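Peer 1: Using only what follows, build the 3D model:
(chains A and B)
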Amino acid sequence: MRDRLDASGPRGTKPKKVFSRRNIVLYGTLLIVAVYYLLPLYVMLVTSLKDMTEIRMGNVFAPPTEITFQPWVKAWSEACTGVNCDGLSRGFWNSVRILIPSVILSISVALVSGYALSKWKFKGSELFFTMLLVGAFIPYQVMLYPIVIMLRETGMFLSNFDPLTWTRQGVCFALGPLSECDGTGRIQLFGSISGLVIVHTIFGMPINVLLFRNYFASIPEELFKAARVDGAGFWGILFRIILPMSLPILVVAMIIQVTGIWNDFLFGVVYTRAEQYPMTVQLNNIVNSVQGVKEYNVNMAATLLTGLVPLTIYFFSGKLFVRGIAAGAVKG
Amino acid sequence: MIATAVIAFFGGTIWTVVYSFTSSGLLPKLDWVGLDQYDRLWNTTKWIVSIKNLALYGAFSLVFTLVIGFVLAALLDRKIRFEDTFRTIFLYPFALSFIVTGLVWQWILNPEFGVQGVVRSMGWTSFTFNPLNDPDIVMFGLLIAGLWQGTGLIMCIMLAGLRGIDDDIWKASRVDGIPSWKTYVQIIIPMMRPVFITAVVLITSGIIKLYDLVVAQTSGGPGISSEVPAKYVMQSMFGGQNLGQGFAASTMMLVSVVIILVPWALLEFGGRKRG
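Peer 2: As a prediction, the model looks like this:
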């Protein structure tokens, strides 16, 4: 190093060569790895655009000679799962019906809880928070069955709560398209979409409360005190001061929740019945059903269709997705 | 609402642990049988296979995810062009579900049309690469898919960690003429200890949950050669109507999490006190 500096020769910084050995190795490695990561997406796409004769003759990596969209149509509206042959569309709409209330409910609950835990500390609030975080590490399998019972009992309790039928029907109406109320107005939480919404809300609590609590902790205490002096209460401060400042964290929480809930398989299998299966569960049933000839092109179109929602969010939210992950990673 | 969640988490957990000491079959019932369920569990071949599989998958997954994640992050940290593009490519699988991941790789590893078929059609007819139908290496077939899905996340975390390291350290090591790989191993990695701890906790808690991927990619097969504990729990609870076994198996999963978490908590919070 020193020798080189002492030697008389060209001065100044060495011009950077584009094709230096370091660069070739660096970019070469990155490109090869990138190919590995992109391969499955490419395979899904080309397979879904081929017809079956072409698939039987060629290999998974060959591009389609004749592009057909028939597999996509079939995957969306004709593919069979058990008794139903109306394709993934049913699962898609189920997932949307699960996703929207779950995201709204879990985020609003976590927002209020995080706000209470950081700005309205009460006796034992720290303990509550710690317990919530510890709860996040408990394997889901341990809690699956007790929650089946809780949902069943709560549903029964709500149904029997009021002897007057009109009240039950009122509750039924309020839960609206989410719950499956039969003619008598009996409420069923287990095996229904509303039950799954509750489950997603509960299991989303630790990560979301953590996100909001940490975010609100960074809001200056003076602002909060000034608002209290001006006479604003718990909700007043929340709506007029906290909420307008929370847009970035709301987006992050939303990305985490939307991808998480859309990709969920375990809760969907356990807490819903066949008619309400979310798209992820239905996809697995379509592809891994044993009956009949395997239509690989339809399967791949179905797989791609199911992946489309989280992929779209990922590509459009870019940096925010990364931030969301980093924020989620804090806790694990 | 927090109370509801806490009750669901802890009440549910305690309930399951209590009922794991009963003979519950189709329905939960409280008749104490002591450790019978655990005795049966550890005498069941399928459970033993599940544990071995998970241990194998877990060990490889942990090592490879950490190494690949760190190397990719280090490469991206070398002030390269198109960093955003590469990061986007490495991370996108993480947005996809394990079901989607499992199904795609099931197709790529299909012996007739996938990798094996392609190599054979190029003239090398004796080439064999059929992990999903070979009981000996089926877990590696799952590992390929699992790494594809999960390394991007760890890369992101490591990248964040690398960015947090002061530039002066690099300058100093360059002045001293230390090669960069040595700087990484001897200075940077020890400095990134908290990041590595986070990554390890994330990866291990993911490994214990391993379920969706197996269901989608192999359904536990061929035979029982890719069974995992989470699948055993589901099978006994909702398939075999053998609740007690399911509770005992899930309690064992809980125990393994506690075993991992306690040392982590000690490492993280022991010694230095945080505000």
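
Peer 1: what are the ranges of the helices in the stretch 101-250 of chain B?
Peer 2: Along the stretch 101-250 of chain B, the segments classed as helices by DSSP state H, counting those that start in this stretch run B:115-121, B:138-163, B:167-175, B:180-183, B:189-191, B:193-209, B:212-217, B:229-234, B:243-269.

Peer 1: export those to CSV and tack on mean neighbour count?
Peer 2: No exception for glycine: its C-beta is placed from N, CA and C like everyone else's. Shown next, in CSV, are the helices of the stretch 101-250 of chain B (neighbours: other C-beta atoms under 10 Å in any protein chain shown):
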stretch, mean neighbour count
helix B:115-121, 17
helix B:138-163, 22
helix B:167-175, 12
helix B:180-183, 12
helix B:189-191, 13
helix B:193-209, 19
helix B:212-217, 26
helix B:229-234, 25
helix B:243-269, 19
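
Peer 1: right, and these - which one's nearest A:M156?
Peer 2: helix B:243-269 (19.9 Å; C-beta to C-beta).

Peer 1: Show me what that closest one is packed up against.
Peer 2: helix A:140-161, helix B:12-19, helix B:36-42, helix B:193-209, helix B:229-234 (3 or more C-beta pairs under 8 Å, 6 or more residues apart in numbering or on different chains; DSSP states H and E).

Peer 1: how about the helix ranked longest in chain B, does it get close to chain A?
Peer 2: Across chain B, the longest stretch assigned as helix under DSSP state H is helix B:45-76. Yes. Judged by C-beta under 8 Å from any C-beta of the partner chain, helix B:45-76 comes into contact with chain A at B:72, B:75-76.

Peer 1: try stretch B:173-182
Peer 2: Yes. Shown here: stretch B:173-182 in contact with chain A (C-beta under 8 Å from any C-beta) through B:G177.

Peer 1: distance between the ends of that stretch?
Peer 2: Across stretch B:173-182, the terminal residues are separated by 9 Å (C-alpha to C-alpha, to the nearest Å).

Peer 1: Tell me who's in contact with the residue nearest the centre of chain B.
Peer 2: By C-alpha atoms, centre = their mean, the mean C-alpha position of chain B lies nearest to B:I207, the distance being 2.5 Å. The contact partners of B:I207, by C-beta atoms under 8 Å, 6 or more residues apart in numbering or on different chains, come to B:54, B:57-58, B:61-62.

Peer 1: which stretches of the stretch 1-150 of chain A form strands?
Peer 2: Taking DSSP state E, counting those that start in this stretch to define them, one finds no strands in the stretch 1-150 of chain A.

Peer 1: wait, what's in contact with the residue nearest to B:G11 when sequence neighbours are not counted?
Peer 2: Counting by C-beta to C-beta, 6 or more residues apart in numbering or on different chains, A:P146 is the residue found nearest to B:G11 once chain neighbours are left out, at 6.9 Å. Counting by C-beta under 8 Å, 6+ apart, A:P146 touches B:8, B:11-13, B:15-16.

Peer 1: tell me which of the residues you listed is nearest to chain A?
Peer 2: B:G12 (3.6 Å; C-beta to the nearest C-beta).

Peer 1: low pLDDT regions in the chain?
Peer 2: Just so you know, I chose chain A. Along chain A, segments meeting pLDDT under 70 span A:1-18, A:82-83, A:157-187, A:290, A:327-332.

Peer 1: wait, I meant chain B there
Peer 2: Looking at chain B by pLDDT under 70, you get B:268-275.

Peer 1: Could you name the residue of it that is farthest from its center?
Peer 2: Max radial position in chain B (C-alpha atoms, centre = their mean) goes to B:V175, at 40.3 Å.

Peer 1: ok so, going back, if you rank the residues of helix B:45-76 next to chain A by neighbours, which is first?
Peer 2: B:L72 (25 neighbours; other C-beta atoms under 10 Å in any protein chain shown).

Peer 1: Could you verify my assumption that it touches B:T151?
Peer 2: Yes. Judged on C-beta atoms under 8 Å, B:L72 makes contact with B:T151 at a distance of 7.0 Å.

Peer 1: Pull the contacting residues for A:R213.
Peer 2: So A:R213 contacts A:113-114, A:117-118, A:129 (C-beta under 8 Å, 6+ apart).

Peer 1: One more pass at 10 Å, please.
Peer 2: For A:R213, the contacting residues are A:110, A:113-119, A:125, A:129, A:132, by C-beta atoms under 10 Å, 6 or more residues apart in numbering or on different chains.

Peer 1: Identify the contacts common to B:L72 and B:T151.
Peer 2: A:33, A:37, B:90-91.

Peer 1: Can I get these in CSV including distance to B:G223?
Peer 2: Putting the shared contacts of B:L72 and B:T151 into CSV (distance: C-beta to C-beta, whole Å) gives the following:
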residue, distance to B:G223
A:V33, 34
A:Y37, 31
B:F90, 35
B:L91, 35
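
Peer 1: which of those residues lies closest to A:R90?
Peer 2: Of all these, A:R90 sits closest to B:L91, with 30.8 Å by C-beta to C-beta.

Peer 1: picking that back up, highest neighbour count among the shared contacts of B:L72 and B:T151?
Peer 2: Highest neighbour count within the shared contacts of B:L72 and B:T151, by other C-beta under 10 Å: B:F90, with 28 neighbours.

Peer 1: And it, how close does it get to chain A?
Peer 2: 6 Å (C-beta to the nearest C-beta, to the nearest Å).

Peer 1: That residue: what's it in contact with?
Peer 2: Taking C-beta under 10 Å, 6+ apart, we find B:F90 in contact with A:30, A:33-34, A:36-38, B:68-69, B:72-73, B:75-76, B:148, B:151-153, B:155-156, B:159.

Peer 1: Please work out how many residues are found near the residue of the stretch 51-200 of chain B found nearest chain A.
Peer 2: Nearest to chain A, among the residues of the stretch 51-200 of chain B, is B:S97, at 3.4 Å (C-beta to the nearest C-beta). B:S97 has 26 neighbours, counted by other C-beta under 10 Å.

Peer 1: same deal with B:L30?
Peer 2: 10.

Peer 1: Which residue, neighbours along the chain excluded, lies closest to it?
Peer 2: The nearest residue in space to B:L30 (C-beta to C-beta, 6+ apart) is B:T22, at 5.8 Å.

Peer 1: For the one you found, give me its contacts.
Peer 2: Applying C-beta under 10 Å, 6+ apart, one finds that B:T22 lies in contact with B:28-34, B:36-37, B:243-244, B:247-248.

Peer 1: make it 8 Å
Peer 2: Contacts of B:T22 by C-beta under 8 Å, 6+ apart are B:28-33, B:37, B:244, B:247.
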